[in-house]
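Undergrad: generate coordinates for the sequence data below:
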Amino acid sequence: MTDNVYTSDVTVDNATQAQLAESIRLREERLTGNIDELVGRLHPKALLNRAVDKAKSTVINEDGSPKTEAIALGAGAVLGVAALIVGFSGRDERA
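TA: A predicted model of the protein is given here:
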């Protein structure tokens, strides 16, 4: 059954039974491929790998050198949070 059936050209009105069967088989094949692709994209390991790659690209240049502006921003945020914690803890002792 290799009648070169294009599912968009085949309708119940103008197709033979063999063409309809081939059309159904081709649609099932495409659906199976799409489902397999979705399962692969949504697999936990694939999601984890994408998240790790995204995090690495945030702090590491393509040549492997660290992005100093991203590291400085992260360090500044940590120091800011630490200063807030120290400030609020000292406030309770003075009252």
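Undergrad: check which helices and strands the lowest-mean-pLDDT helix or strand in the chain sits against.
TA: Within the chain, confidence by mean pLDDT, DSSP states H and E is lowest for helix 68-94 among all helices and strands, at a mean of 86. Judged by 3 or more CB pairs under 8 Å, 6 or more residues apart in numbering; DSSP states H and E, helix 68-94 is in contact with helix 44-59. (Glycine included, C-beta is placed from N, CA and C.)
Undergrad: pLDDT (mean, whole number) over the helix it packs on?
TA: Summarised as a single mean, pLDDT over helix 44-59 is 90.
Undergrad: what residues does stretch 36-56 touch?
TA: The contact list for stretch 36-56, computed with CB atoms under 8 Å, 6 or more residues apart in numbering, is empty.
Undergrad: convert the C-alpha atoms of it to PDB, please.
TA: C-alpha atoms of stretch 36-56 as PDB (Å, rounded to 0.1, in the frame of the first residue of the first chain):
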ATOM      1  CA  ASP A  36       7.100  10.100  21.800                       C
ATOM      2  CA  GLU A  37       8.600  13.600  21.300                       C
ATOM      3  CA  LEU A  38       6.400  15.000  24.100                       C
ATOM      4  CA  VAL A  39       7.200  12.200  26.500                       C
ATOM      5  CA  GLY A  40      10.900  12.800  25.700                       C
ATOM      6  CA  ARG A  41      10.600  16.600  26.400                       C
ATOM      7  CA  LEU A  42       8.700  16.100  29.600                       C
ATOM      8  CA  HIS A  43      10.800  13.300  31.100                       C
ATOM      9  CA  PRO A  44      12.200  14.500  34.400                       C
ATOM     10  CA  LYS A  45      15.800  13.900  33.400                       C
ATOM     11  CA  ALA A  46      15.300  16.000  30.200                       C
ATOM     12  CA  LEU A  47      13.700  18.800  32.300                       C
ATOM     13  CA  LEU A  48      16.600  18.600  34.800                       C
ATOM     14  CA  ASN A  49      19.200  18.800  32.100                       C
ATOM     15  CA  ARG A  50      17.500  21.800  30.500                       C
ATOM     16  CA  ALA A  51      17.400  23.600  33.900                       C
ATOM     17  CA  VAL A  52      21.000  22.800  34.600                       C
ATOM     18  CA  ASP A  53      22.100  24.100  31.200                       C
ATOM     19  CA  LYS A  54      20.100  27.200  31.700                       C
ATOM     20  CA  ALA A  55      21.600  27.800  35.100                       C
ATOM     21  CA  LYS A  56      25.100  27.200  33.800                       C
END
